[in-house]
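Enquirer: Sharing a model that was predicted from the sequence below.
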Amino acid sequence: MFRIFLDTNVALDLIANREPFVQDSLPFLELVKKGEARLFISEDSIGTIVYMAVDRLKLVNAEEKLIQFFDFGNIITGGKEVLLNSLNSDFKDKEDAIQYFTAIENDMDFFITRDKNGFNTADGRIPILTPKEFFEN
């Protein structure tokens, strides 16, 4: 069973049904339903996702959509080690670094994001793919 880490942007695409991006990400939910994968997001993403869904995008039934998403996804943390690795990394965007090192710390098989440019300095310990790339392989 694959352990798939979703970056904040991909999780939000699923929750908010953001077109056209959601079409590339919906198959992740099918993998979960079939028992072929487990989805994970960083605890660091939760505040951003809730803020975007409720306050910025003002999604109808935002709370319900968030709860439904968390039925599919697991929330993981990284702790002090992840923060130190992130701060000492070559990542320009330290939030991206936190996401990356959280995935590493929790033994993810894949890191899925729509913004691969933010991960140019990643050390290659985990494949970084867009949703489309994941399902093309």
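Expert: Sure thing, it's come through. Residues are numbered from 1 along each chain as shown.
Enquirer: residues making contact with stretch 14-22?
Expert: 6, 9-10, 12-13, 25-26, 28-29, 49, 52-53, 57, 59, 65-66, 69, 114, 131 (Cβ atoms under 8 Å, 6 or more residues apart in numbering). In short, each C-beta sits where N, CA and C put it, glycine included.
Enquirer: what mean pLDDT would you report for it?
Expert: Averaged over stretch 14-22, pLDDT sits at 94.
Enquirer: Can you give me the end-to-end span of it?
Expert: 6 Å (Cα to Cα, to the nearest Å).
Enquirer: Can you tell me, leaving aside adjacent residues, what's nearest to Leu39?
Expert: Spatial nearest neighbour of Leu39, excluding adjacent residues (Cβ to Cβ, 6 or more residues apart in numbering): Gly73 at 4.3 Å.
Enquirer: dump the residue contacts of that neighbour.
Expert: Gly73 neighbours (Cβ under 8 Å, 6+ apart): 6, 11, 39-41.
Enquirer: cool, and Phe119?
Expert: 91, 96, 100, 111, 113, 128 are the contacts of Phe119 under Cβ under 8 Å, 6+ apart.
Enquirer: What about those residues, which are in helices?
Expert: Mapping these onto helices (DSSP state H) picks out 96, 100.
Enquirer: who wins for neighbours among the contacts of Phe119?
Expert: Tyr100 (31 neighbours; other Cβ atoms under 10 Å).
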